[in-house]
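Participant: Let's see this in three dimensions:
(one chain, ligands or ions: 2)
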Amino acid sequence: MTDPMAVGGPRRIRDLVYETFVAEGRAPSIGELSRRAGVPREAVAEDLARLADAHALVLSEDGDRIRMAHPFTAAPMAFVVTPQNGLDDRRWWGGCAWDSFGISAAMGLDVRIDTACPHCGAAISTLAGPQQPPSSGLAVRFPRPAAEWWDDVVGTCTMIRMFCSRDHVEAWTARHSPGAGYVADAGDVWRLAVPWYGHRVDPGFTPHTREHNQQLLEGVGLTGSFWQLP
Ligand SMILES: [Zn+2]
Ligand SMILES: [Zn+2]
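Facilitator: Ligands and ions are numbered 1, 2, ... in the order given. This is a model prediction of the structure:
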C-alpha cells in the first residue's frame, strides 16, 4: 500500500483538513472535502480512514467525521488558544497542554492559552509563542506512557492537563490516580512542542520518524521507559 502522506490522494485531503483548522478553527465535513477536492464522498471517506490508520488524524468513534488533527481538535478539550494580536479573531480548541503550544508553533503565532487547573479549578491564562515560553511554575501531567498514547489518543490528550503548580499535580494524582503519570514543567512541554509541531501545517510537511520524535523527547530530558515511543 502506498504512503497516505505522499503527494496526491489522501495527502490532498489531509492538507485541506489542516487548511480549514488553520483558517477557521474547525474540521471540514466529508461533503465539504469532497467538493473542494473534486472527488466523491466515498473516496474522501476511504482517504480519511487511511490517514487515521497512519495516525495522520483521528476520526470520530463512528468514523464519519474528523475528531482531531494534531495539534487541532474539532471539539472542546479544556484549552482555548487565542492569538495575542487582538485583530485576529480566530480561536482554536487545544487538544491538550502540549497541543496548545503546538498550535502556536505550527502557525508561528503568539497566543494566549486559557484553561483551568484540574485540582483547584483556578483559571490559568498564559502567553506563549514560538519564541515565548509559558509562565514559569506551571506543570503538565501526562497520564500514561508514550507506548500507550495511541491506544486511546483522544483520551490521552483529554488527560494531558496543565496545573497551576507541581504541588497541585501531586495532590490531584494522589486523589484520582495514585502512582500514575508523569509531571513535566510546562516550559519543557513548550520546548518539545516547538520542533514536534513546528512544521505541521507547512506545505512540504513530512511526518517525523519514530527515531526523530524519540530524539525530540530526549532533547528536553524526557527519557526512560515512560517516554519510549512504540
Ligand atoms: Zn491549582
Ligand atoms: Zn494532545
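
Participant: Quick check: Ser135 touching Thr126?
Facilitator: Yes. The pair Ser135 / Thr126 is scored as a contact, 4.4 Å apart, by C-beta atoms under 8 Å. From N, CA and C alone the C-beta is placed, and that goes for glycine too.

Participant: Give the residue from these two that has the larger number of neighbours.
Facilitator: Thr126 (22 against 14; other C-beta atoms under 10 Å).

Participant: Mind listing residues that contact the longest helix anywhere in the chain?
Facilitator: Using DSSP state H, we find that the single longest helix of the chain is helix 9-24. Residues external to helix 9-24 that are found in contact with it (C-beta atoms under 8 Å, 6 or more residues apart in numbering): 2, 4-5, 26-28, 32-33, 36-37, 44, 47-48, 50-51, 56-57, 66, 69, 72, 90, 92, 106-107, 200-201, 203.

Participant: just checking, next helix/strand downstream of that helix?
Facilitator: Moving toward the C-terminus from helix 9-24, the next helix or strand (DSSP states H and E) is helix 30-37.

Participant: tell me the mean pLDDT over the helix or strand following that following helix?
Facilitator: Following helix 30-37 in sequence order, the next helix or strand is helix 41-53 (DSSP H and E). Model confidence over helix 41-53, given as mean pLDDT, is 97.

Participant: where does Met1 land on pLDDT?
Facilitator: As predicted, Met1 sits at a pLDDT of 53.

Participant: Tell me which residue is most central in this protein.
Facilitator: Centrality entry for the chain: nearest residue to the mean C-alpha point is Pro71, 2.7 Å, by C-alpha atoms, centre = their mean.

Participant: Surely that one is in contact with Met107?
Facilitator: No. Counting by C-beta under 8 Å, Pro71 stays clear of Met107, with 9.7 Å between them.

Participant: these two touch, right, Leu229 and Leu216?
Facilitator: No. Leu229 is not in contact with Leu216 according to C-beta under 8 Å; the separation is 10.0 Å.

Participant: who has more neighbours, the two?
Facilitator: A count of neighbours by other C-beta under 10 Å puts Leu216 above the other of Leu229 and Leu216, at 17 against 14.

Participant: Can you name the helix or strand that the more buried one falls in?
Facilitator: According to DSSP H and E, Leu216 maps onto helix 210-219.

Participant: That helix: which residues count as buried?
Facilitator: Residues of helix 210-219 classed as buried by neighbour count (16 or more other C-beta atoms under 10 Å): Asn213, Gln214, Leu216, Leu217.

Participant: The second one and ligand 1, how far apart?
Facilitator: For Gln214, the distance to ligand 1 under the criterion C-beta to the ion, to the nearest Å works out to 31 Å.

Participant: ok, the residue nearest to that residue when sequence neighbours are not counted - contacts?
Facilitator: Nearest non-adjacent residue to Gln214, counting by C-beta to C-beta, 6 or more residues apart in numbering: Leu229, 5.4 Å away. Leu229 is in contact with Ala146, Ala147, Arg210, Asn213, Gln214, Leu217, counting by C-beta under 8 Å, 6+ apart.

Participant: how does it look with 6 Å?
Facilitator: Neighbouring residues of Leu229 by C-beta atoms under 6 Å, 6 or more residues apart in numbering: Ala146, Arg210, Asn213, Gln214.

Participant: just the residues you listed now: which is nearest ligand 1?
Facilitator: Lowest distance from ligand 1 to these (C-beta to the ion) belongs to Ala146, with 25.4 Å.
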